[in-house]
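>>> What follows is a predicted structure for the sequence shown.
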Amino acid sequence: IPAMLRRLARAATPRHRVFWARRSGSLAEVPTYVVDLRSDTVTKPGPAMRRAMAEAVVGDDDYGEDPTVRELQATAAELLGVEQTLFVPTNTMANLISVMCHCRRRGSQLLLGQECHLHVYEQGGVAQIAGVHSHPLPDLPYGTLDLTELERLVTRSLGSPYHLVCELICLENTHSSSGGRVLPLEYLRQVHLLARSHGVRVHLDGARLMNAAVALGVPPARIVEHCDSVSLCFSKGLGAPVGALVGGPKDFIEEAWRLRKALGGGMRQAGVLAAAALVGLADAEEMLQKDHQNAQRFAKGLQELASPVCSVDPTAVETNMVMVRVDGLPPEELCRRLQAVSSDEAAQTGRAVRVLVFPWTERSVRAVWHRDVSAQDTELALGKWAFVLRTLRLGQDGRS
């Protein structure tokens with residue numbers, strides 16, 4: 001038992017992303033820093049969040065008896081301006097539940113962007129499980145959809161025995177595949193007005209809704225008022241290890257509760273998870289503002305390098321994501337070089353830095369800022385990027 005307690009105590013101690021390279025030659029005893037920009041899902045709970053989880057008052061949430069879950073749901077409902085919310089394990093489940101609540105008959109049609117998360121990264125659950133047909137539309141640069149085409153597809157089935165009946169439009173805000181772009185409020189209003197005029201509902205995939213609210217400088221409820229339901233993820237920018245929620249009218253959430261149970265999402269003493277989400281919400285505005293500022297600083301710094309290999313448009317960086325265009329080599333190769341450390345790097349900079357990013361398209365990589373990446377980490381990432389680009393320009397590989 002003492003050994004287990006010591007392990008738990010170590011786990012509760014904040015970890016610095018600094019390691020000491022144990023290599024021979026010039027890399028020996030050189031500090032190696034790791035800056036993880038793959039996603040805002042890689043965060044680890046800090047001391048305050050771990051303490052809240054450890055001290056959470058719990059009950060059986062499947063019976064509706066967990067007081068911490070109830071507190072989270074009430075807090076979130078007020079924040080989002082909806083009647084009720086429901087705590088669920090993941091945002092993928094939150095989106096699926098929402099689609100199933102809105103589209104009660106098999107063969108209903110769902111309109112959404114062809115690059116949105118719900119369409120590309122959620123295993124086609126709306127078709128596999130819900131029997132709903134997704135009709136993807138081309139995404140415009142801001143992650144929006146063409147309103148004329150949207151209305152054409154909504155009205156096409158009216159009075160027609162040949163076309164599926166459109167029940168739902170799904171939007172994503174912020175829009176991940178567009179680089180964290182924020183959907184304009186006026187656009188949301190227009191989509192909702194269009195949908196209501198034809199008896200169609202709007203669901204907002206708000207996995208990063210708080211990023212959008214901070215970027216716009218408005219309460220989240222100002223965004224959600226243009227939707228019939230919303231999802232919100234706690235394990236991205238808010239830094240919690242698990243959890244999301246569905247928000248909407250009371251009767252909608254009652255049905256969502258039934259569907260959560262059917263999908264295996266009913267949880268028992270879930271207050272330990274809800275406590276983490278409450279901590280994430282409490283400091284969301286402050287932390288997300290820092291993330292956005294660090295992303296902007298990186299984008300401007302990379303632009304100042306004026307490299308023909310990597311380019312970025314700082315005006316397109318609205319939240320915590322930076323899309324970097326890559327020319328002259330495969331994005332996978334750039335990612336490999338950013339992650340590798342070498343004796344040349346140690347000799348030139350006095351340190352070794354591993355920057356973790358994902359290839360996003362055949363011509364781009366994506367970098368995502370979060371609460372575990374500080375302003376100092378951002379400068380380290382810029383320095384590593386500059387070193388890699390300088391090495392490419394000289395046509396040399398740094399080798400240990």
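Arrived safely.

>>> any idea where the strands of the stretch 301-400 of the chain begin and end?
The residue ranges that make up the strands of the stretch 301-400 of the chain, judged by DSSP state E, counting those that start in this stretch, are 310-311, 321-326, 352-356, 358-361, 364-368.

>>> Nearest to V165 among those would be which one?
Taking CB to CB as the criterion, strand 358-361 is the member of those that comes nearest to V165, at 34.2 Å. All C-beta spots, glycine's among them, are computed from the backbone N, C-alpha and C.

>>> Export the strands of the stretch 301-400 of the chain as a markdown table, with columns for mean pLDDT and distance to G266.
Listed next are the strands of the stretch 301-400 of the chain as a markdown table, based on pLDDT from 0 to 100; distance: least, CB to CB, whole Å:
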| stretch | mean pLDDT | distance to G266 |
| --- | --- | --- |
| strand 310-311 | 96 | 47 |
| strand 321-326 | 98 | 33 |
| strand 352-356 | 97 | 35 |
| strand 358-361 | 94 | 33 |
| strand 364-368 | 98 | 31 |
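
>>> Which positions in stretch 334-350 come out as buried?
For stretch 334-350, the neighbour count (16 or more other CB atoms under 10 Å) marks L334, C335, R337, L338, A340, V341, S342, S343, D344, E345, A346 as buried.

>>> And for stretch 186-200?
Under the neighbour-count criterion of 16+ other CB under 10 Å, stretch 186-200 has Y187, L188, V191, H192, L194, A195, V200 buried.

>>> what's the neighbour count on the closest residue to the fourth one other than its chain neighbours?
Spatial nearest neighbour of H192, excluding adjacent residues (CB to CB, 6 or more residues apart in numbering): H226 at 4.3 Å. With neighbours defined by other CB atoms under 10 Å, the count for H226 comes to 22.

>>> show me the contacts for H226.
With contact taken as CB atoms under 8 Å, 6 or more residues apart in numbering, H226 is in contact with L185, L188, R189, V191, H192, V202, L204.

>>> Touching, V132 and R104? I think so.
No. Between V132 and R104 there is no contact under CB atoms under 8 Å: 10.0 Å.

>>> returning to that earlier point: could you export the strands of the stretch 301-400 of the chain as CSV, including mean neighbour count and distance to A277?
Compiled in CSV, those are given as follows (neighbours: other CB atoms under 10 Å; distance: least, CB to CB, whole Å):
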stretch, mean neighbour count, distance to A277
strand 310-311, 20, 36
strand 321-326, 22, 22
strand 352-356, 21, 26
strand 358-361, 16, 25
strand 364-368, 24, 20
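
>>> What are the neighbouring residues in contact with G59?
E65, D66, P67, Q269, G271.

>>> okay, now Q269: neighbour count?
By other CB under 10 Å, 18 other residues sit near Q269.

>>> Three-state assignment for L112, please.
Three-state assignment for L112 (DSSP: H, G, I helix; E, B strand; the rest coil): strand.

>>> out of everything not next to it in sequence, what's closest to it?
The nearest residue in space to L112 (CB to CB, 6+ apart) is C170, at 4.2 Å.

>>> Dihedrals phi and psi, that neighbour?
phi -110, psi 130 (degrees, to the nearest 10).
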